[in-house]
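Peer 1: my questions are about this predicted structure, shown below with the sequence.
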Amino acid sequence: MTGDQSPLIHLVDDDQAVRDSLALLIGTVGLRTRTWADPRAFLDGFDRGGIGAIVLDVRMPGIGGLALLDRLVAEGIDQPVLMLTGHGTVEMCRRAFKAGAAEFLEKPVDDEQLLEALQQAVRQHVASRERTQADQAARERFQQLSEREREVLGFIVAGLTNKEIARALALSPRTVESHRANLFAKLDCDSLAQLIRRYAALVDAAA
């Protein structure tokens, strides 16, 4: 990914010195950053569809970091969230992880620990988005199938031969072969193993 498609780290902290130092640190590993002093401005302005991660300070005026995390979770935001605090407690940490935080780090944060956590969070987010896109593509391909093709697909996955499928559906073997060819074309498969994997992925996505 390059340009605007490369991962972006959102830094939300009311302390400008912290924002500047973290942005400089994160930039050393090639990650882009955008800083926000106001949590409400962040909620109004950040790109929900972007790839990356969010770093939240726990204690901020207005909306605190934990409340902001709750808002993000309620919106269904899938970008990983890392929490930073200068006055952490066990209860605060427990609440953050229960709400869905990817990491909870205390200030002054260890540089290597933060960078490792961010890079791992970004990798996981990229992989998650790729799985989501693959699932969506599989659903769209499946929607192209006719009802008869879906029946044939079910029998193929169950291990039946063309002749057995033909008998089960009262069709000619040549008709089953035609449906089979259409299935491979519409589902963009080159082998039976790939066809079965696509079908299994579709079932998992629908579960």
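Peer 2: Arrived safely, thanks for sending. Residues are numbered from 1 along each chain as shown.
Peer 1: per-domain residue ranges of this structure.
Peer 2: Taking automatic domain parsing as the criterion, the chain consists of the domains 3-134, 144-206.
Peer 1: dump the ones you listed to CSV, plus mean neighbour count and mean pLDDT.
Peer 2: Every C-beta, even on glycine, is put in place using the N, C-alpha and C of the backbone. Shown next, in CSV, are the domains of the chain (neighbours: other CB atoms under 10 Å; pLDDT from 0 to 100):
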stretch, mean neighbour count, mean pLDDT
domain 3-134, 16, 92
domain 144-206, 15, 89
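Peer 1: report the contact partners of the most centrally placed residue in the chain.
Peer 2: Among the residues of the chain, residue 128 comes closest to the average C-alpha position under CA atoms, centre = their mean, at 2.9 Å. Taking CB atoms under 8 Å, 6 or more residues apart in numbering as the criterion, residue 128 is in contact with residue 78.
Peer 1: use 37 as the first number for this chain going forward.
Peer 2: OK, 37 is where the count begins now, so the last one is residue 164.
Peer 1: residue furthest from the geometric center of this protein?
Peer 2: residue 208 (44.1 Å).
Peer 1: residues in contact with it?
Peer 2: residue 202.
Peer 1: please tell me how far it sits from residue 218.
Peer 2: Counting by CB to CB, to the nearest Å, the gap from residue 208 to residue 218 is 15 Å.
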